[in-house]
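Asker: all I have is the shape, not the residue letters:
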Ligand SMILES: CC(=O)N[C@H]1[C@@H](OP(=O)(O)OP(=O)(O)OC[C@H]2O[C@@H](n3ccc(=O)[nH]c3=O)[C@H](O)[C@@H]2O)O[C@H](CO)[C@@H](O)[C@@H]1O
Ligand SMILES: C=C(OP(=O)(O)O)C(=O)O
């Protein structure tokens, strides 16, 4: 079984580079379906398993695409005859594939997409997406695990979202780009990834105003075309490294990080006693040995992001005193905490809130990730734990983090990624040190190879 093995106790120091945002690139890949003329070129694409899954979905829909991983660029061509069906095999792998529904409906007037279902963090219904399509004139049928949407033509409408859902905002916005007349969507999500998608759609010929506010106004156009776009930086990956720097008492420059995108996190870090400095190079985080406790509540942007909740609870557990975390976005996103209990964490869950009793003397243990942010959070706990922490279920990590362990190693962490079969003896400390030295050498080779750009 593949594992991350961390030997705790190293402060993180140095500079870390952040990839393009997973949550921006996935809907933007889906938006390529709308490009009836010309090619789409997407730059700064993160090399993640979710991106490969979305590429497979687009292949099934008959888009042609080439992913140049060295240049982190994808070129897509959607000018041929497209298919309207995204089968379960792909949608079940990744919920975000539901965002192909809006573009398919707009481009073809017909879409059949498998129901995404829930996941480890919640039931995650898509009623708001469907309500939006219906308001635009589509008929929706649900049968045999599939959603079938049809519309001879979509017509602009006024839509109010009961909750500022990220996926519903993206899906309805994409469908509305080709609707006849004007669509106004109120109470929309305001995440930076929504703004990135709207920017791409406008480059493709759409007429969208209001992205980043709570109301979007979309004038429908006849057709859209390809464009070139560089994906924004992943604020959640950036935030994850900020927390890792803070908890280890380190000093890390998160290169080119946009402070504005991580304001709620940075404000909490500062409240806890961490020094955060923004300059032209990015955001520098300087940790402190004694952290103050704090209360955090997850909310839609510009509130504290739910995708940073698990990592933040680890930092709160390290603080001296009792902290509070309230999760309001997903109903079941505390699964990482029971694993942290195995590392000596003390907490009490009461409904959607958890009291976290610090300071925690984390002990190394074997822990399993339940989703991608849990994987990051458990690894962060491992960075300050006594002894060795083994994090399993790395398929989740690979959904959202590229070269996570390499980046941590470059900052000084003692971490390796290995296959440790169940029936084989565990790496002892000598074997771990040898493996760490070997993986550091491999990092060096990779760094030198990447300097020789093709
Ligand atoms: C690929 C991607 O971008 N994923 C992000 C996106 O997910 P996603 O787009 O799925 O998240 P939403 O904003 O839609 O969901 C937020 C909440 O609204 C509920 N809801 C949503 C739609 C709907 O029709 N009905 C409904 O009840 C969900 O169950 C959840 O409780 O935003 C989340 C909230 O910031 C992030 O955690 C995810 O990382
Ligand atoms: C919940 C997340 O992603 P997704 O919506 O793709 O499951 C996440 O990125 O933390």
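Answerer: Thanks, I have it. The structure displayed is predicted, hence computed values, not measured ones. Ligands and ions are numbered 1, 2, ... in the order given.
Asker: next SSE downstream of the helix-or-strand element of the chain with minimal mean pLDDT?
Answerer: Confidence across the helices and strands of the chain bottoms out at helix 88-91, with a mean of 88, counting by mean pLDDT, DSSP states H and E. Using DSSP states H and E, the next helix or strand after helix 88-91 towards the C-terminus is helix 101-108.
Asker: if we can go back for a sec, and the least confident helix or strand of the chain, what does it pack against?
Answerer: Using 3 or more CB pairs under 8 Å, 6 or more residues apart in numbering; DSSP states H and E, the elements in contact with helix 88-91 are helix 49-60, strand 110-114. C-beta coordinates here come from the backbone N, C-alpha and C atoms, glycine included.
Asker: can you list the strands that the last one pairs with?
Answerer: When pairs are called by DSSP bridges, strand 110-114 turns out to pair with strand 85-86 (parallel), strand 146-150 (antiparallel).
Asker: can I get the ones you listed in JSON lines including mean neighbour count and mean pLDDT?
Answerer: Below are those laid out as JSON lines (neighbours: other CB atoms under 10 Å; pLDDT from 0 to 100):
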{"stretch": "strand 85-86", "mean neighbour count": "20", "mean pLDDT": "94"}
{"stretch": "strand 146-150", "mean neighbour count": "20", "mean pLDDT": "96"}
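Asker: possible to save the ones you listed as TSV with distance to ligand 1?
Answerer: Shown next, in TSV, are these (distance: least, CB to the nearest ligand atom, whole Å):
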stretch	distance to ligand 1
strand 85-86	15
strand 146-150	12
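Asker: any chance of those in a markdown table, plus distance to residue 60?
Answerer: Putting the strands paired with strand 110-114 into a markdown table (distance: least, CB to CB, whole Å) gives the following:
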| stretch | distance to residue 60 |
| --- | --- |
| strand 85-86 | 7 |
| strand 146-150 | 14 |
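Asker: residue 21 is nearest to which of those?
Answerer: Among these, strand 85-86 comes nearest to residue 21, with 22.2 Å by CB to CB.
Asker: hmm, back to that, right, and the strands paired with strand 110-114 - which one's nearest ligand 2?
Answerer: Of all those, strand 85-86 sits nearest to ligand 2, with 15.5 Å by CB to the nearest ligand atom.
Asker: got a list of contacts for the closest one?
Answerer: 57, 60-61, 97, 100-101, 104, 111-114 (CB atoms under 8 Å, 6 or more residues apart in numbering).
Asker: now with 7 Å?
Answerer: 57, 60-61, 97, 100, 112-114 (CB atoms under 7 Å, 6 or more residues apart in numbering).
Asker: same question, stretch 57-71
Answerer: Stretch 57-71 has contacts (CB under 7 Å, 6+ apart) with 29, 32-33, 47, 55, 74-78, 80-83, 86-87, 90, 97, 100, 454.
Asker: could I get the average pLDDT for it?
Answerer: For stretch 57-71, the per-residue pLDDT values average out at 97.
Asker: next, the buried residues of that stretch.
Answerer: Within stretch 57-71, the residues scored as buried using 16 or more other CB atoms under 10 Å are 57-58, 60-61, 63, 65, 67.
Asker: same question for stretch 259-274.
Answerer: Buried residues in stretch 259-274 (16+ other CB under 10 Å): 259, 261-262, 264-266, 268-269, 272-274.
Asker: ditto for stretch 129-148
Answerer: Quick answer for stretch 129-148 (16+ other CB under 10 Å): 129-133, 135-138, 140, 146-148.
Asker: ditto for stretch 204-215
Answerer: Within stretch 204-215, the residues that count as buried by 16+ other CB under 10 Å are 204-206, 208, 210-212.
Asker: okay, and which of these map to strands?
Answerer: Under the assignment DSSP state E, the buried residues of stretch 204-215 contribute residue 208 to strands.
Asker: so how far is the helix ranked longest in the chain from its chain's centroid?
Answerer: Longest helix of the chain, by residue count under DSSP state H: helix 429-451. Here helix 429-451 is found 27 Å from its chain centre; the criterion is CA atoms, centre = their mean, to the nearest Å.
Asker: please apply the same query to stretch 123-143.
Answerer: Using CA atoms, centre = their mean, the offset of stretch 123-143 from its chain centre is 24 Å.
Asker: repeat for stretch 86-93
Answerer: Mean-position distance between stretch 86-93 and its chain equals 19 Å (CA atoms, centre = their mean).
Asker: which helix or strand contains the closest residue in space to residue 96 that isn't next to it in sequence?
Answerer: Counting by CB to CB, 6 or more residues apart in numbering, residue 96 lies nearest to residue 26, which is 4.5 Å off, once chain neighbours are set aside. Counting by DSSP H and E, the element that carries residue 26 is helix 22-31.
Asker: ok, then the element right after that helix?
Answerer: Using DSSP H and E, the helix or strand that follows helix 22-31 in sequence is strand 35-37.
Asker: just give me the neighbour total for residue 77.
Answerer: Neighbour count of residue 77, defined by other CB atoms under 10 Å: 16.
Asker: show the model's pLDDT score for it.
Answerer: pLDDT recorded at residue 77 is 98.
Asker: picking that back up, what angle separates the helix holding residue 26 from helix 101-108?
Answerer: Helix 22-31 and helix 101-108 are oriented at 20 degrees to each other (axes from the mean of the first three to the mean of the last three CA atoms, to 10 degrees).
Asker: about what we covered before: of all the helices and strands packed on helix 88-91, which lies closest to ligand 2?
Answerer: The closest of the helices and strands packed on helix 88-91 to ligand 2 is helix 49-60. By CB to the nearest ligand atom, the value is 6.4 Å.
Asker: ok, then the element right after that closest one?
Answerer: Following helix 49-60 in sequence order, the next helix or strand is strand 64-68 (DSSP H and E).
Asker: partners of that next one, with directions?
Answerer: Partners of strand 64-68 in the sheet, by DSSP bridges, are strand 73-77 (antiparallel).
Asker: quick one: contacts of the strand it pairs with?
Answerer: By CB under 7 Å, 6+ apart, strand 73-77 touches 32, 39-43, 45, 58, 63-67.
Asker: run the last query once more with 10 Å
Answerer: The contact list for strand 73-77, computed with CB atoms under 10 Å, 6 or more residues apart in numbering, reads 25, 28-29, 31-33, 35, 38-45, 51, 54-55, 58, 62-68, 226, 228, 230-231.
Asker: stretch 273-281 now?
Answerer: Contact partners of stretch 273-281, identified using CB under 10 Å, 6+ apart, comprise 15, 242-243, 245-247, 249, 251, 253-260, 262, 265-270, 283-292, 294, 315, 319-320.
Asker: do that again at 6 Å, thanks
Answerer: Defining contact as CB atoms under 6 Å, 6 or more residues apart in numbering, one finds that stretch 273-281 is touched by 246, 253, 259, 266, 269-270, 284-288, 291-292.
Asker: before we move on, what about stretch 125-145?
Answerer: Identification of contacts with stretch 125-145 by CB under 6 Å, 6+ apart yields 98, 105, 115, 148-151, 154-155, 157, 159, 161, 165, 168, 171-172, 175, 179.
Asker: and ligand 2, is it touching that?
Answerer: No. Stretch 125-145 lies out of reach of ligand 2 by CB under 6 Å from any ligand atom, never closer than 12.0 Å.
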